[in-house]
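# give me a 3D structure for the following:
(6 chains)
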Number of protein chains: 4
Amino acid sequence: MRETSEQPGKRERILDAAIAAFSRHGFYRTRIRDIARAAGVADGTVYLYFANKEDLLPAIFEEVMKPYLADLKVELARLPDPCDKLHKLMEMHLHRLGRDRGLATVFQVELRHATRFMEIYAHGYLHDYFKIIQEILDAGRADGCLRENLDTAQASSAIFGMLDEAVTAWVVRGGEGDLSDRIDGLHDLVVHGLACTPADEAPPAGGTPPA
Amino acid sequence: MRETSEQPGKRERILDAAIAAFSRHGFYRTRIRDIARAAGVADGTVYLYFANKEDLLPAIFEEVMKPYLADLKVELARLPDPCDKLHKLMEMHLHRLGRDRGLATVFQVELRHATRFMEIYAHGYLHDYFKIIQEILDAGRADGCLRENLDTAQASSAIFGMLDEAVTAWVVRGGEGDLSDRIDGLHDLVVHGLACTPADEAPPAGGTPPA
Amino acid sequence: MRETSEQPGKRERILDAAIAAFSRHGFYRTRIRDIARAAGVADGTVYLYFANKEDLLPAIFEEVMKPYLADLKVELARLPDPCDKLHKLMEMHLHRLGRDRGLATVFQVELRHATRFMEIYAHGYLHDYFKIIQEILDAGRADGCLRENLDTAQASSAIFGMLDEAVTAWVVRGGEGDLSDRIDGLHDLVVHGLACTPADEAPPAGGTPPA
Amino acid sequence: MRETSEQPGKRERILDAAIAAFSRHGFYRTRIRDIARAAGVADGTVYLYFANKEDLLPAIFEEVMKPYLADLKVELARLPDPCDKLHKLMEMHLHRLGRDRGLATVFQVELRHATRFMEIYAHGYLHDYFKIIQEILDAGRADGCLRENLDTAQASSAIFGMLDEAVTAWVVRGGEGDLSDRIDGLHDLVVHGLACTPADEAPPAGGTPPA
DNA sequence: GATGAATGAGCTTTCATTCAT
DNA sequence: GATGAATGAAAGCTCATTCAT
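This next block holds a predicted model:
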């Protein structure tokens, strides 16, 4: 039986194949043929679902970000405390990419090949993501648990940068080690900073010093 | 008529042309011919200085990183205080890339196209850079101004991530605004964290109220 | 929803759509999909009526030539005088193509794309057409109104060439002007030639005996 | 040994190969590779001389027409009598194409595949050619040997049509027979027309001289 | 060292055609 | 008969690289 309409899953299979191929050989060194073969479709079929090769990049991004952001919002809604929210966000970020090195590679490296990378970055899902981080920080500030004089826009960018770099480093290291191990350390760092707190004796919340 | 003899700076001109071209059109969409034309040399001449197109990427990286790291070391040697050193490093990082958007674009986006990006990243100059950051943090810990229980490897990665993201955001925004404006904010954030310092909540000398 | 049952005129609609599309974009630049869309049928349906794309060309030719030749024969039968017949033929030729620039374009330009153009040309309807012209000339010769020493095969080819060129020129000019305006001029030219009638000059040798 | 500058004749060899290939397989069925192979160059070399495949068509046309028109003008200048000039033109037309069936095929069939066929036809060399014919007829009219009431623009088009059709018919017949045999017959026909000289009969019926 | 004409492998994309429904 | 999603062969063109001069 062939569906009259598009076969469900075919689009998804192409995207999965693209993620795998891009992460292994890079965007430009990946040929449409390889993706099609891996997805079990003909070359031309790729073009029934995507306008061209370049279009696969934002499609991958969207495919992953959409459910991720939806999940994230649900989880965050459950936690009243802004610091807990922040911890959860960092956790989910590192979990999502840390469980799939191929995907992480595409996100950290290949997505930047897009001609319209700038637009992907500046608008859409990534922009939403920054907003979510910033809202957490704003809530924390209103709550009194974060500093009054915090530039939350800059801080959310910095937090994203830390997470992003953690993922990139992990990808570059070959995906060895568990990215999730970083969560508490990063959370502690971002919340309390590098400096000795005046109460240096008090153990940092949840921070597990690595060896 | 072009000079028959060795032209000083020819290699440098090729690299400059490559930076400009890569930042404008991206690595893969840039043709050797465009670089050669912009550098005022013949196509084949590029191959007298570089093994192939791909080789231009690490060469650019090295060309910029080498003097940058040399300068950085000189400047850091002048400052005894680790926190000042850190501030200086952040300042120089943002200055170096913030004064040349083309270069910044290549660094933030195009360098990742290199097949051997992983190696560029994991070894060589970038590795040295991480080490320098980490040494500052180690010194700060020894000095007592930074937390004893600091994972300085992770923290240096996080600091780099913040800086990197700041540059990327600036590049994506089109290079508008002054990247240097971020220095103090980022330094403060990384040193003191997001949270209210206990000093804000309790008198400095009065101890820390238990959580 | 499209009719399940046979739709009258579907074949004709496909041919009309093909003529329009070929005349606008040329045979090779026209896609079956465009023809199908314009005809209001599915791509596959075209293949129920025609073996392949190439087959549309002779089909168009036949579709137009068949009724044209039938009409022509009827009209010619009405006229006893060979010169009148010739005039009528020229009139009908220029009328038929002059009233439909799209069709004319296909006839003058696109039909030549057929792999079997040679066969279309040499046999079938076009061959019949040449025969009809030639028969008129033969009748004229028998009748005494045309020159005794006329190579009617060559002359019919020449007459067709004149008409064909007139149509091509009109097509190339963009179809502006009225092709029918040419009828009398061409008829006069072909019947009397370029030269001054011998009446103007002295007959070369002893004059020509009146009929 | 490879020439530093463009190898003389390379462009010409490509054009010759293109003529041969187009005439044998048609424009669209000819692959660049075939042309390149036949010309003894690499595929890419074709693109050093021509912008794209389509560009080969006008280049062929020009390559042939330029020397042809030059020769033609020289020959015509030698002959004082307009009727002799016309005879010479018809002779040269049929000779030029009649001695090279491949070229004739390209001229009669393949050139029409050009997207810009209309422009090739309407302007440039072909336009010049029409002008030359018309000038001969104008001279003949002034001279008194051709009819006073002749629309020389239309007549030149008609003459070209006759010649063109003669060549097409010859091409379609497979190039058998000698095209030059047609010269005198066609010249006679065009000069004197089909009809018995008017000395025999009454003035022509229906001939309306155009403005 | 410098040149740039020449090379040719390799890729994306198109589109005529098929066939399960 | 009608459909249109799927197919996959095919080719125009690009461009990194070479090498005779």
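
# could you measure from whatever residue of chain A ends up closest to DNA strand F over to chain C?
Nearest to DNA strand F in chain A, going by Cβ to the nearest atom of the strand, is A:Gly44, at a distance of 1.7 Å. (Glycine included, C-beta is placed from N, CA and C.) Using Cβ to the nearest Cβ, to the nearest Å, one gets 13 Å for the distance from A:Gly44 to chain C.

# count of residues packed around that residue?
The number of residues packed near A:Gly44 is 9, by other Cβ atoms under 10 Å in any protein chain shown.

# quick one: mean pLDDT over the helix ranked longest in chain A.
As assigned by DSSP state H, the longest helix anywhere in chain A is helix A:56-78. What helix A:56-78 shows for mean pLDDT is 95.

# that one vs chain B: in contact?
No: shown here: helix A:56-78 not in contact with chain B (Cβ under 8 Å from any Cβ of the partner chain), separated by at least 12.6 Å.

# ok, that helix near DNA strand E or not?
No: shown here: helix A:56-78 not in contact with DNA strand E (Cβ under 7 Å from any atom of the strand), separated by at least 9.0 Å.

# please point out which parts of that helix sit buried.
A:56-61, A:63-65, A:68, A:72, A:76 (16 or more other Cβ atoms under 10 Å in any protein chain shown).

# nearest to DNA strand E among those?
A:Leu56 (9.0 Å).

# who's the closest spatial neighbour of A:Ala153, skipping the chain neighbours?
A:Gln134 (6.0 Å; Cβ to Cβ, 6 or more residues apart in numbering or on different chains).

# hmm, A:Ala158 and the one you found touching each other?
No: using Cβ atoms under 8 Å, A:Gln134 makes no contact with A:Ala158, being 11.2 Å away.

# which residue of these two possesses the greater neighbour count?
Using other Cβ under 10 Å, the more surrounded residue of A:Gln134 and A:Ala158 is A:Ala158, with 27 against 19.

# dump the strand or helix carrying that one to CSV, restricted to CA.
A:Ala158 belongs to helix A:152-172 when assigned by DSSP states H and E. These are the backbone C-alpha positions of helix A:152-172, laid out as CSV (Å, rounded to 0.1, in the frame of the first residue of the first chain):
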residue,chain,number,x,y,z
THR,A,152,19.6,39.7,32.0
ALA,A,153,20.0,39.9,28.3
GLN,A,154,23.8,39.7,28.5
ALA,A,155,23.7,37.1,31.2
SER,A,156,21.4,34.8,29.2
SER,A,157,23.8,35.1,26.3
ALA,A,158,26.6,34.2,28.6
ILE,A,159,24.8,31.2,30.0
PHE,A,160,24.0,30.0,26.5
GLY,A,161,27.7,30.5,25.6
MET,A,162,28.9,28.4,28.5
LEU,A,163,26.5,25.6,27.6
ASP,A,164,27.3,25.8,23.9
GLU,A,165,31.0,25.7,24.6
ALA,A,166,30.6,22.7,26.9
VAL,A,167,28.8,20.9,24.1
THR,A,168,31.4,21.9,21.5
ALA,A,169,34.3,20.8,23.7
TRP,A,170,32.5,17.5,24.3
VAL,A,171,32.0,17.0,20.6
VAL,A,172,35.5,17.8,19.8
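
# just checking, what packs against the helix or strand just after it?
Where DSSP H and E defines the elements, the next helix or strand beyond helix A:152-172 is helix A:182-192. Counting contacts by 3 or more Cβ pairs under 8 Å, 6 or more residues apart in numbering or on different chains; DSSP states H and E, helix A:182-192 is packed against helix A:82-98, helix A:152-172, helix B:152-172.

# now the helix or strand of chain A with the lowest mean pLDDT - C-alpha only, CSV.
Every helix and strand in chain A was compared by mean pLDDT, DSSP states H and E; the lowest is helix A:117-122, with a mean of 72. Output in CSV follows, covering the C-alpha atoms of helix A:117-122 (Å, rounded to 0.1, in the frame of the first residue of the first chain):
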residue,chain,number,x,y,z
PHE,A,117,22.8,30.8,9.6
MET,A,118,22.6,34.4,10.7
GLU,A,119,18.8,34.3,10.4
ILE,A,120,18.5,30.9,12.1
TYR,A,121,20.5,32.3,14.9
ALA,A,122,19.0,35.7,15.3
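
# contacts for that helix next, please.
Identification of contacts with helix A:117-122 by Cβ atoms under 8 Å, 6 or more residues apart in numbering or on different chains yields A:57-58, A:61, A:111, A:114, A:126, B:109, B:168, B:172-173.

# quick check: nearest residue in space to A:Tyr49, chain neighbours excluded?
Looking at A:Tyr49 with Cβ to Cβ, 6+ apart, the closest residue is A:Arg11, at 4.7 Å.

# A:Leu137 now?
Nearest to A:Leu137 is A:Thr152, by Cβ to Cβ, 6+ apart, at 4.0 Å.

# what's the burial count for the one you found?
20.

# state the pLDDT value of it.
With respect to pLDDT, A:Thr152 has a value of 95.

# I'd guessed it sits against A:Phe130; true?
No: counting by Cβ under 8 Å, A:Thr152 does not reach A:Phe130; the two are 10.3 Å apart.

# residue contacts, the spatially most central residue of chain A?
In chain A, the residue lying closest to the centroid (Cα atoms, centre = their mean) is A:His93, at 5.4 Å. Counting by Cβ under 8 Å, 6+ apart, A:His93 touches A:163, A:167.
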